[in-house]
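J.: Predicted structure and sequence below. I'll ask about it afterward.
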Amino acid sequence: MNKNTICLWYDGDALEAAQFYAKTFPDSAVGAIHRAPGDYPAGKEGEIIMVEFSVAGIPCVGLNGGPGHAHTDAFSFQIETEDQAETDRLWKAIVGNGGQEIACGWCRDQWGLSWQITPRVLMEAVTSPDRAAAKRAFEAMMEMTKIDVAAIEAARKG
């Protein structure tokens, strides 16, 4: 067991979510599947209660806790991408499988979990010591849903 593991609440579909993350994100996998040793408020003995998995190397547990708690934008995974092709692939995987676009590189998967699909060049641009270039890139980002790498680079250059 890891000293720190992210626990994500699901309404009975933690295994489905874990399998989706494992096939979508590099360095991700589904681990142990745990079944309830007895009945509990959201399920019955023998049903899947927890799924161990990792997302981009981060250890997680999916808890099938029932409908009591929904994901919010207060928690998100920020996934760094190297180029537009990787950005597009991850965006399409999340949004195209029952998710939704939000803004500024954020999207939400079909389970309500928020993701920031963040090209490396975006972070370099908005944290640039050239404050004018950073501001231009930031303002360009504020107009986007999925990040357009070429537009960020153009804004940074002025």
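T.: Arrived safely.
J.: Could you measure from the residue positioned nearest the centre of the chain over to residue 73?
T.: Closest to where the C-alpha atoms of the chain average out (Cα atoms, centre = their mean) is residue 115, at 3.2 Å. According to Cβ to Cβ, to the nearest Å, residue 115 stands 10 Å off from residue 73. In this view, the C-beta of every residue, glycine as well, is placed from N, C-alpha and C.
J.: what do you get for residue 116?
T.: Note on residue 116: its distance to residue 73, by Cβ to Cβ, is 10 Å.
J.: Common neighbours of those two, please.
T.: Common neighbours of residue 116 and residue 73 are listed as residue 106 (criterion: Cβ atoms under 8 Å, 6 or more residues apart in numbering).
J.: Show me whatever sits in contact with both of residue 115 and residue 73.
T.: Residues touching both residue 115 and residue 73 by Cβ under 8 Å, 6+ apart: 106, 108.
J.: domain parsing for this protein?
T.: Following automatic domain parsing, one gets these domains for the chain: 1-70, 71-158.
J.: Now that we have those domains, can you turn them into TSV and tack on mean pLDDT?
T.: Below are the domains of the chain laid out as TSV (pLDDT from 0 to 100):
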stretch	mean pLDDT
domain 1-70	96
domain 71-158	98
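J.: what's across from the residue nearest to the centre of the chain in the sheet?
T.: Note on residue 115: beta-bridge partners by DSSP bridges are residue 77, residue 107.
J.: likewise the one 4 residues further on?
T.: On the basis of DSSP bridges, residue 119 takes part in beta bridges with residue 81.
J.: residues contacting it?
T.: Neighbouring residues of residue 119 by Cβ under 8 Å, 6+ apart: 80, 81, 82, 83, 84, 86, 87, 105, 147, 149, 152.
J.: measure residue 91 to residue 39 for me?
T.: For residue 91, the distance to residue 39 equals 40 Å [Cβ to Cβ].
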